[in-house]
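Student: okay, here's the prediction I keep looking at, along with the sequence it came from:
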Amino acid sequence: MPKINNTDAVAASKYLSFILRHKPEEIGLQLDPEGWANINELIERAKPQVELTFEMIEQVVIESDKQRFKLSDDKIHIRANQVHSVKVDLKLIPVTPPGVLYHGTAEQNWDSIMKQGLKAQSRHHVHLSQDRATAIKVGQRHGKPIVLLIDSERMHHSGVQFYQSDNGVWLTDVVIPEFISR
Ligand code: HQG
């Protein structure tokens, strides 16, 4: 697949920023609550003004100097990593968590996590799993997986809020090191 030239890549990147961060409604595109757009739909709706291909989009995502965009693992969806002026309405209701939750991450993140706590990074929340097996799968995406135990009961008692997404993932804003062990 020939690479697109720089000018086209810059234009495509600007267009994707405009649509995904600011004006999805310009082409009638609906972002999901976490800001994801279906890539095929995006390509179809951008036509005929802008001709995008999956390969162009993937190249822009990979080569973006500031990691502006992210593809989902299955490469079906894309979203802007930061700065959403579109309201991403999560409609989350606080829920009481189970006593313990798990977070799968990579060994190489351990030291930093124990210094800074778990942060949402490019997401809206820290994602926690209800069981170890899921946490291991999530951790494997980043390297040699480790499973962190989160004392969600104590966090909750100290006033921290938890939410649950539609697909059963537990969400919270941050987890300070005090509540993390492995
Ligand atoms: C790490 C999938 C260093 C964090 C799954 C993680 C999940 C730190 C990475 C969902 C850190 C962020 C979420 C700190 C956090 N220092 N590393 N202070 N704080 N990290 O992908 O939890 O495919 O944004 O441990 O099902 O891995 O997206 O989050 O390794 O539910 O639908 O920074 O992604 O769903 O990585 O995965 P991610 P995650 P989807």
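Tutor: Yep, that arrived. Since the model is a prediction, treat every value here as computed from it, not as a measurement. Numbering: from 1, shown residues only.
Student: what comes up buried for the biggest helix by length in the chain?
Tutor: Among the segments of the chain that qualify as a helix by DSSP state H, the longest is helix 6-17. Residues 9, 12-13, 15-17 are the ones in helix 6-17 that count as buried (16 or more other C-beta atoms under 10 Å). Where C-beta positions appear, they are placed from N, C-alpha and C, glycine not excepted.
Student: closest to the ligand among those?
Tutor: Minimum separation from the ligand among the buried residues of helix 6-17 (C-beta to the nearest ligand atom) is found for Leu16, which lies at 18.5 Å.
Student: quick check: the closest one touching Leu71?
Tutor: No. Between Leu16 and Leu71 there is no contact under C-beta atoms under 8 Å: 11.4 Å.
Student: re earlier: biggest separation within the buried residues of helix 6-17, which pair?
Tutor: Taking C-beta to C-beta as the measure, the buried residues of helix 6-17 reach their widest spread between Ala9 and Ser17, a distance of 12.5 Å.
Student: which of the helices and strands in the protein ranks last by mean pLDDT?
Tutor: For the chain, counting by mean pLDDT, DSSP states H and E, helix 6-17 ranks last in confidence among helices and strands (a mean of 87).
Student: and the residue nearest to the spatial centre of the chain, which of the three is it?
Tutor: Here the mean C-alpha position of the chain is nearest to the C-alpha of Arg123 (C-alpha atoms, centre = their mean), at a distance of 4.3 Å. At Arg123 the chain is in coil, as set by DSSP: H, G, I helix; E, B strand; the rest coil.
Student: where's Pro33 relative to Lys70, distance?
Tutor: Distance, Pro33 to Lys70, by C-beta to C-beta, to the nearest Å: 16 Å.
Student: neighbour count winner among those two?
Tutor: For Pro33 versus Lys70, neighbours defined as other C-beta atoms under 10 Å are more numerous around Lys70 (17 against 13).
Student: who does the more buried one bridge with?
Tutor: Taking DSSP bridges, one finds Arg79 as the beta-bridge partners of Lys70.
Student: hang on, it packs against Val61?
Tutor: Yes. In terms of C-beta under 8 Å, Lys70 counts as a neighbour of Val61; the distance is 7.0 Å.
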